[in-house]
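J.: The amino acid sequence is not available; the structure is as follows:
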């Protein structure tokens, strides 16, 4: 059968998720330049995000976005997932290489693929396992590419990355469950509020006043990587399957490795380039299924179009 092209609204969802993932690809770079403990970085990230969103609600006169109705428990649960996700991720960046941290964290789609059918009743698409294998293989190649300044991966850091993967998957599934019930801005705002409350004890770990550069980096993490990034991500998840969204976010490690090579001189090897190609192919399979690949192979070898097989 001929593969069905995604509608405009679905394509918009894919673009939003991909844009969020590309933005998040620079998070590790920012964390490396901020001289604060990981819990404090996580607190300021969600704190500034909540502040920016709250001001936006007030300035635009959209005070109805402060209302969350009967969805408080689910929003609180998502806030807990968010706090644990970023706390563990920032520790991973400090304890191991960017590549190793990203690889461990991007086991998340595996957990999503397992959890989504049971928790929110999504049907497992036939192309999802193919896309998952391609994308995860690509991430493995990128992470294990042996960047020049990478250092030795630390077991605790890798375990933190794996923990990030678990909470990231839970956030993905939960965001799909609440999609359409509340505006994206409301979900993001209260997720950050809950996460900030949970992470607030981290303020006791800070010593002295951060520099102007540190404040600027922290604000960017909150306003751009969080308020904007999560808004794009949740908006995209509302339009596509949770499993597809999780696989598309593999763009994040690709961006992270490229930035690490440029800024920290962690020069990628050929395995990184091959891994990046697999990541992009996995994303294409997520969006268009496997029919397009079958037709390409058939035409390349002068065979009958796969879409016309009996």
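T.: Happy to help now that I have it. Fair warning: this is a prediction, and the values are worked out from it, not measured in the lab.
J.: contacts and neighbour counts: CA atoms only from here.
T.: Will do.
J.: any low-confidence regions in the stretch 101-250 of the chain?
T.: For the stretch 101-250 of the chain, applying pLDDT under 70 flags the ranges 110, 142-155, 242-243, 246.
J.: Residue 54 touches residue 189, doesn't it?
T.: Yes. Counting by CA atoms under 8 Å, residue 189 is a contact partner of residue 54 at 7.3 Å.
J.: The two: who's more crowded?
T.: residue 189 (28 against 19; other CA atoms under 10 Å).
J.: Count the residues that sit near the nearest residue to the more buried one once chain neighbours are set aside.
T.: Sequence neighbours aside, residue 50 is the residue nearest to residue 189 in space, at 5.3 Å (criterion: CA to CA, 6 or more residues apart in numbering). Residue neighbour count, defined by other CA under 10 Å, stands at 26 for residue 50.
J.: Surely residue 50 is within a strand?
T.: No. Assignment of residue 50 by DSSP: H, G, I helix; E, B strand; the rest coil gives helix, placing it outside any strand.
J.: who's in contact with it?
T.: Contact partners of residue 50, counting by CA atoms under 8 Å, 6 or more residues apart in numbering, are 188, 189, 190, 192, 193, 222, 227.
J.: can you rerun that using 7 Å?
T.: Listed by CA atoms under 7 Å, 6 or more residues apart in numbering, the contact set of residue 50 reads 189, 192, 193.
J.: Check what contacts the helix or strand that the first one is a member of and list those residues.
T.: Residue 189 is located in helix 184-199, with elements delineated by DSSP states H and E. With CA under 7 Å, 6+ apart as the contact definition, helix 184-199 has outside contacts at 39, 43, 46-47, 49-50, 53, 65-66, 75-76, 78-80, 82-83, 227, 230-231, 234-235.
J.: Then stretch 17-33?
T.: In contact with stretch 17-33 (CA under 7 Å, 6+ apart) are residues 93, 98, 217, 225, 229-230, 232-233, 236, 245, 248-249, 251-253, 255-256, 259-260.
J.: can you count the residues close to residue 209?
T.: 8.
J.: ugh, wrong one, I meant residue 125
T.: 14.
J.: same question, residue 161
T.: Neighbours of residue 161 (other CA under 10 Å): 30.
J.: can you check residue 181 too?
T.: Quick note: residue 181 (other CA under 10 Å) scores 11 neighbours.
J.: Same question for residue 211.
T.: Around residue 211 there are 11 residues (other CA under 10 Å).
J.: Let the chain start at 543 from now.
T.: With the count now opening at 543, the last piece we talked about shows up as residue 753.
J.: Could you list which of the contacts of helix 726-741 belong to helices?
T.: By the criterion of DSSP state H, membership of the contacts of helix 726-741 in helices covers 581, 585, 588-589, 591-592, 595, 617-618, 620-622, 624-625, 772-773, 776-777.
J.: so how many other residues sit close to residue 550?
T.: Neighbour tally, residue 550, other CA under 10 Å: 9.
J.: ok, it - contacts?
T.: Contacts of residue 550 (CA under 7 Å, 6+ apart): none.
J.: And it, how close does it get to residue 816?
T.: According to CA to CA, to the nearest Å, residue 550 stands 30 Å off from residue 816.
J.: Next: residue 763.
T.: In terms of CA to CA, residue 763 sits 30 Å off from residue 816.
J.: Counting neighbours, go ahead and name the busier of the two.
T.: Neighbour tally, residue 763 and residue 816, criterion other CA under 10 Å: the higher count belongs to residue 763, 27 against 16.
J.: is it true that that one touches residue 585?
T.: No. With contacts counted by CA atoms under 7 Å, residue 763 stays clear of residue 585, the gap being 10.6 Å.
J.: Check the spacing between residue 819 and residue 679 real quick.
T.: Applying CA to CA to residue 819 and residue 679 gives a distance of 10 Å.
J.: what's stretch 615-632 in contact with?
T.: Outside stretch 615-632, the residues that reach it (CA under 7 Å, 6+ apart) are 580-581, 584, 702-703, 705-706, 709-710, 712-713, 716, 729, 732-734, 736-737, 740-741.
J.: Now list the buried members of those residues.
T.: 580-581, 584, 702-703, 705-706, 709-710, 712-713, 716, 729, 732-734, 736-737, 741 (16 or more other CA atoms under 10 Å).
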